[in-house]
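>>> Next input, structure requested:
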Amino acid sequence: LIAFQGEHGAYREVASKEWNSNLIPIPCIEFADVLEGVTSGLYSYGIVPVENTLGGVVGKVNELLINTELNVVGAIELPIHLCLLALPGTDYREIRTVHSHPMVLAQCRHFLARNRLDSVPYYDTAGAAKMLAEKRPKSTAAIASKLSAELYNLDIIKEDIEDLDRNMTRFLVLSKERSHEDGNKCSVIFSTEHKAGTLFRVLEVFARKNINLTRIESIPHEPGNYAFFLDFMGSNKDEKVIGALDEVKEITSNFKMMGCYKERKVI
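Numbers count the residues shown, from 1 in each chain. I've put the predicted structure just below:
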């Protein structure tokens, strides 16, 4: 079982199927429910979004990752192609209002304005599609995935309605167990003293050892202190990486190796 936040048909479920189509996706109400379910052993895996090229970081998820004991065992970068969905037989010219997640509505702002469609925020893209199928409101559409159209028997009125082509979301796969595969990326979390130059000292270690950093994110952790998420290319079996991490542990606090894993980009 692999848990995700949202209704069936959410892009998080799409990502879970891309990562491993043999697992059964289980919807959860909150991101915290995903992590708690994996921690308790109810689910083998959980999948969560951490950043989107248009919407930025997913702050709620990053805050949860600070305190979890779960490991990152995989990552997938998924292109988000947004579809305008409506009840079967709907004439596009009849549509007046569109329901979807606020971030998704923002990503289709120009499309909605150009077609004079009113946007109505909804808690989830797939939830909006499900509502449309169940309540069948007139002159209404939803923005969601192709999977949502299949699951809820909706027509795809228009595809790829996002304003920018490069709409990608990065997802992390979490588990109680560590990955035993040879990974190509590592994730760590740490804190530093609230002094000038401490973060620079950490980054200098990676620069000196020619290790490519792919992401750094700061999250408020305690009053006056921040936790830092760091992703970098490499394997924790590489002597160069092992040496770098040993140095970083000496100059940071609350250091945690989240995992070394394979990351894949869906074309």
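>>> Kindly tell me how buried H221 is, as a neighbour count.
If you count neighbours by other CB atoms under 10 Å, H221 ends up with 16. Backbone N, C-alpha and C define where each C-beta goes, glycine included.
>>> What residues are bridge-paired with the nearest residue to it once chain neighbours are set aside?
Closest residue to H221 apart from its sequence neighbours, by CB to CB, 6 or more residues apart in numbering: A227 at 4.0 Å. Under DSSP bridges, the beta-bridge partners of A227 are S191, I219.
>>> show me the contacts for A227.
66, 189-191, 218-219, 221, 254 (CB atoms under 8 Å, 6 or more residues apart in numbering).
>>> Next, give me the two most distant ones among those residues.
S218 and N254 (13.6 Å; CB to CB).
>>> And for the residue nearest to Y123 when sequence neighbours are not counted, the neighbour number?
Nearest residue to Y123, sequence neighbours excluded (CB to CB, 6+ apart): H101, at 7.0 Å. H101: 22 surrounding residues under other CB under 10 Å.
>>> separation between H101 and R208?
42 Å (CB to CB, to the nearest Å).
>>> go on, L154?
L154 is 54 Å from R208, by CB to CB.
>>> Of those two, which one has the most company?
L154 (24 against 10).
>>> following the longest helix along the chain, which helix or strand comes up?
Longest helix in the chain, counting residues (DSSP state H): helix 239-251. Later in the chain than helix 239-251, the nearest helix or strand by DSSP states H and E is strand 253-265.
>>> Spell out the secondary structure type for I143.
Each residue gets one of three states, and I143 gets strand by DSSP: H, G, I helix; E, B strand; the rest coil.
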